[in-house]
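1. Predicted structure and sequence below. I'll ask about it afterward.
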Amino acid sequence: MNVVPVADPNMVSHTQSLLKAEIMKGFLGMGLDDGEIVRYCLEVMDIPEWERFIPKEDQQAEPDPKTVVEMMKLELEQEKLSLEVFKAEAQVAKMHAEAILALAKAESQDIGDQIELYKIQMQSLTERFKAKMSKESKNVKSEGSS
């Protein structure tokens, strides 16, 4: 009996390379050279003539000037809206601060009014106390003379 290997040892290496390529695709857009990652993946996948899928430097289209202008207009409009939101928030904060100040002034006015009320009540109590003392003093004098 003659034993002949049927598995290709290169198949394991190729599978490992495909797994590496899959992992490399996860790095797309993360600050590495995306073009090189794509080239590596196409090579590992044994894509025939993979170079034809990569755009040439002169084939990379410049953005349409109208599109660039429109994008700039949109960015400017977004900045204007952000500024308006900031102004509105500042106005609300100002109104809030003014309301707090008005409440504080009202409370301080109420305290002033309360103090005046307390003074009047104290004066009334003092007058009643003096009147009562005067009346009792007269009663003591009249009892003493009898």
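-> Now that the structure is in, tell me what you want to look at.
2. Pull the number of nearby residues for residue 38.
-> Per other CB atoms under 10 Å, the neighbour tally for residue 38 reads 17. In this view, the C-beta of every residue, glycine as well, is placed from N, C-alpha and C.
3. Buried ones in the strand or helix carrying it, by neighbour count?
-> For residue 38, the host element (DSSP states H and E) is helix 34-44. Of all the residues in helix 34-44, those buried under the rule 16 or more other CB atoms under 10 Å are 37-38, 40-42, 44.
4. For it, what is the distance to the chain centroid?
-> 39 Å (CA atoms, centre = their mean, to the nearest Å).
5. Which secondary structure state does residue 62 sit in?
-> coil (DSSP: H, G, I helix; E, B strand; the rest coil).
6. roughly how far apart are it and residue 40?
-> 27 Å (CB to CB, to the nearest Å).
7. other SSEs contacting the helix or strand containing residue 135?
-> Take DSSP H and E as the rule and residue 135 turns out to sit in helix 65-145. On a contact count with 3 or more CB pairs under 8 Å, 6 or more residues apart in numbering; DSSP states H and E, helix 65-145 meets no helix or strand.
8. which residues sit against the helix or strand hosting residue 15?
-> Using DSSP H and E, residue 15 sits in helix 9-25. If you take CB atoms under 8 Å, 6 or more residues apart in numbering as the criterion, helix 9-25 is touched by 37, 40-41, 44-45.
9. Same list as before, the residues you listed that is, but in TSV and with pLDDT and distance to residue 103 included.
-> Listed next are these as TSV, based on pLDDT from 0 to 100; distance: CB to CB, whole Å:
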residue	pLDDT	distance to residue 103
37	90	63
40	90	68
41	89	67
44	88	72
45	88	72
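10. closest to residue 101 among those residues?
-> Checking these against residue 101 by CB to CB gives residue 37 as the nearest, at 60.7 Å.
11. distance of residue 104 from residue 98?
-> Counting by CB to CB - residue 104 and residue 98 are separated by 11 Å.
12. How about residue 30?
-> Plainly put, residue 30 is 50 Å away from residue 98 if you go by CB to CB.
13. before we move on, back to that, nearest to residue 127 among the buried residues of helix 34-44?
-> Using CB to CB, residue 37 is the member of these that sits closest to residue 127, with 97.2 Å.
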